[in-house]
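Engineer: have a look at this prediction, sequence included:
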Amino acid sequence: PRVPVVASPPDAANIACTCCGTTRIPARHILQNTRLQFVPACFYYEDLYSVVYICPNQCESSESIVATVPEAVKNGLAAASLLAQVAVARDFDHTPFNRQSTIYKRHGAPLERSTISDFYAHVARILTPLYTFMHLLLLQSRIISTDDTPVKVLDRSTKKNIKTGRKWAFLGDQDHPVNLFHYTKGRGREGPLEFLSGWKGLLQGDCFSGNIAICAAAGTILVACMAHARRYFIKAILNDKQGCNHALTMFQSLYEIERTASELNVKSDDLKLMREQEAVPMLDSFHAWLQSQYALAQPKSSFGKALFYCLNNWTFLTQYVTDGDLRIDNNHTEREMKYIAMGKKAWLFFGSDKGARDHAIVLSVLSTCRRHGVEPWAYLTDVIQRLTENPACDLEELLPYNWRQKYPTPASAEITRITGTPKLLCA
């Protein structure tokens, strides 16, 4: 919103014309500057009233009808907008519940950390049908990108009261653009296999043995990440500067092909042909160099380990040239995992396995919002309200990329939106 602020008139002693003494009048407005103001968040109570309908003739056989206001949480304290705020603050802005409690008390709403935690659990429960629908949509993808990271979970039965769980990310392809997260109690392949049950396609990720086992068990193809291979040479540069610099130059040439294709907006089929003509000869030369160097390198040195990683996983690393829809690396998935890493520094651990699963549900929806540039608070507020009013609503319409096209972002109730530029407003 734009609010015009017009300068106050000069003092009476200075506004008079120095020639004839007539009072000067405004002639035109000049845009002096544009600045941002800030309106702090505020809380207010909504008093919900049910309405009882009766027959005006007071018929004895007629029963009264009670109309109630839909509530996201039955007799709960939080409305849809507050539930959305709690979720967005935690998973988008990395503000843990204890800090949120302090902030809300400062704004006049004394909400305890345990109460806010309950709010978050309610958000996960409400979004579960949408999460399940997104999961079904993900399994229709031809290409799924994945990564995982350890998370701490409170467990009183262990010696240090903390155990290590695992959070997995699964990103769908361009035709099924959803981001899903999944929690397992360990890093075994059983959890991801169950999550991807029935799926066949291309799995893009690092050369973690679990990913290789998942692909072998599910009958899928693993597409490895070139960025992982490159990192081994960066770590080994002090061990063999000349050899590592040569390897990094080869990686740079391969990435230059991808960068050029991106700048020219090359389509999938043309990118496949471009890789076959330019990248494949480079890869053949790179592979021959790796073999020659590995024959001379010390196997246990960091440079030897870098060479072994590439040679041992060469089929997986070069799989991307066979399909124009594949990426040269898995960095887009690792960027999503970064938000979990940032969150772990704030909320430290999950209170239970259920809390970790709730986080996976909420983060999946918010991560998909980030993927499509959807404002998360407005989206989540509207979706929570719609699922509350009609649990059987069309879930496909509530997917972030469909919601953005069908439902406009709700306007603020406090600020009147003004159309037009400042120059037009002041003219």
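Structural biologist: Thanks, I have the structure now. Numbering: from 1, shown residues only.
Engineer: buried residues in stretch 71-89?
Structural biologist: Across stretch 71-89, burial judged by 16 or more other Cβ atoms under 10 Å covers 72-73, 78-89. Bear in mind the C-beta positions are built from the backbone N, C-alpha and C, glycine included.
Engineer: do a quick rundown of the strands in this structure.
Structural biologist: 51-53, 65-67, 143-154, 162-171, 179-184, 202-204, 221-223 (DSSP state E).
Engineer: quick one: which of these is nearest residue 134?
Structural biologist: The minimum distance between residue 134 and the strands of the chain falls on strand 179-184, with 6.0 Å, by Cβ to Cβ.
Engineer: hmm, residue 301 is touching residue 235, no?
Structural biologist: No - assessed by Cβ atoms under 8 Å, residue 301 is found out of contact with residue 235, at 11.2 Å.
Engineer: who touches residue 313 in this structure?
Structural biologist: With contact taken as Cβ atoms under 8 Å, 6 or more residues apart in numbering, residue 313 is in contact with 207, 224, 229.
Engineer: same check on residue 163?
Structural biologist: For residue 163, the residues meeting the contact criterion (Cβ under 8 Å, 6+ apart) are 152-153, 155, 185.
Engineer: do the same with residue 199
Structural biologist: Taking Cβ under 8 Å, 6+ apart as the contact definition, residue 199 lies against 139, 141, 144, 218, 220.
Engineer: repeat that with 10 Å
Structural biologist: Residue 199 makes contact with 138-142, 144, 170, 193, 218-220 under the criterion Cβ atoms under 10 Å, 6 or more residues apart in numbering.
Engineer: save the residues you listed as JSON lines, and put in pLDDT and distance to residue 281 too.
Structural biologist: Putting these into JSON lines (pLDDT from 0 to 100; distance: Cβ to Cβ, whole Å) gives the following:
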{"residue": "138", "pLDDT": "97", "distance to residue 281": "36"}
{"residue": "139", "pLDDT": "96", "distance to residue 281": "37"}
{"residue": "140", "pLDDT": "96", "distance to residue 281": "35"}
{"residue": "141", "pLDDT": "96", "distance to residue 281": "31"}
{"residue": "142", "pLDDT": "95", "distance to residue 281": "27"}
{"residue": "144", "pLDDT": "96", "distance to residue 281": "30"}
{"residue": "170", "pLDDT": "97", "distance to residue 281": "34"}
{"residue": "193", "pLDDT": "90", "distance to residue 281": "37"}
{"residue": "218", "pLDDT": "82", "distance to residue 281": "33"}
{"residue": "219", "pLDDT": "85", "distance to residue 281": "31"}
{"residue": "220", "pLDDT": "89", "distance to residue 281": "28"}
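Engineer: need the residues you listed in TSV (columns: distance to residue 37).
Structural biologist: Written out in TSV, the entries for these read as follows (distance: Cβ to Cβ, whole Å):
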residue	distance to residue 37
138	42
139	47
140	46
141	44
142	48
144	45
170	42
193	53
218	55
219	58
220	53
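Engineer: and the residues you listed, which of them are buried?
Structural biologist: 138-139, 141-142, 144, 170, 218, 220.
Engineer: between these, which is closest to residue 365?
Structural biologist: Here the nearest of these to residue 365, counting by Cβ to Cβ, is residue 138; it sits at 12.9 Å.
Engineer: now that closest one. Nearest residue, chain neighbours left out?
Structural biologist: Distance criterion Cβ to Cβ, 6 or more residues apart in numbering; nearest residue to residue 138, sequence neighbours excluded, is residue 172 at 4.7 Å.
Engineer: mind listing what's buried in stretch 96-106?
Structural biologist: Neighbour counts over stretch 96-106 (16+ other Cβ under 10 Å) mark 96-97, 99-101, 104 as buried.
Engineer: now swap in stretch 49-56 and tell me
Structural biologist: By neighbour count, and taking 16+ other Cβ under 10 Å as the criterion, stretch 49-56 has no buried residues at all.
Engineer: with stretch 191-201 instead?
Structural biologist: When burial is assessed from 16+ other Cβ under 10 Å, stretch 191-201 yields the following buried residues: 191-192, 195-196, 199, 201.
Engineer: ditto for stretch 399-408
Structural biologist: Buried, per 16+ other Cβ under 10 Å, within stretch 399-408: 399-400, 403-404.
Engineer: show me where pLDDT drops low in the stretch 301-427 of the chain?
Structural biologist: Confidence mapping of the stretch 301-427 of the chain against pLDDT under 70 gives the ranges 408-427.
Engineer: residues contacting the residue found closest to residue 235 once you drop the neighbours it is linked to in the chain?
Structural biologist: Using Cβ to Cβ, 6+ apart and skipping the chain neighbours, the partner closest in space to residue 235 is residue 302 (5.8 Å). Residue 302 sits next to 232-233, 235-240, 244 when contact means Cβ under 10 Å, 6+ apart.
Engineer: now, of those residues, which are buried?
Structural biologist: Taking 16+ other Cβ under 10 Å as the criterion, what is buried in the contacts of residue 302 is 232-233, 236-237, 239-240, 244.
Engineer: can I get the strands of the chain in CSV with distance to residue 22?
Structural biologist: Supplementary listing: the strands of the chain in CSV, determined by distance: least, Cβ to Cβ, whole Å:
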stretch, distance to residue 22
strand 51-53, 64
strand 65-67, 66
strand 143-154, 74
strand 162-171, 71
strand 179-184, 68
strand 202-204, 77
strand 221-223, 80
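Engineer: just to revisit the earlier point, mind picking the lowest-pLDDT entry from the contacts of residue 313?
Structural biologist: Across the contacts of residue 313, the smallest pLDDT goes to residue 207, namely 89.
Engineer: measure the residue nearest to that residue when sequence neighbours are not counted to residue 327 for me?
Structural biologist: In space, and not counting its chain neighbours, residue 207 is closest to residue 313: 4.4 Å by Cβ to Cβ, 6+ apart. According to Cβ to Cβ, to the nearest Å, residue 313 and residue 327 sit 16 Å apart.
Engineer: was I right to think residue 235 contacts residue 248?
Structural biologist: No - counting by Cβ atoms under 10 Å, no contact exists between residue 235 and residue 248, whose distance comes to 11.6 Å.
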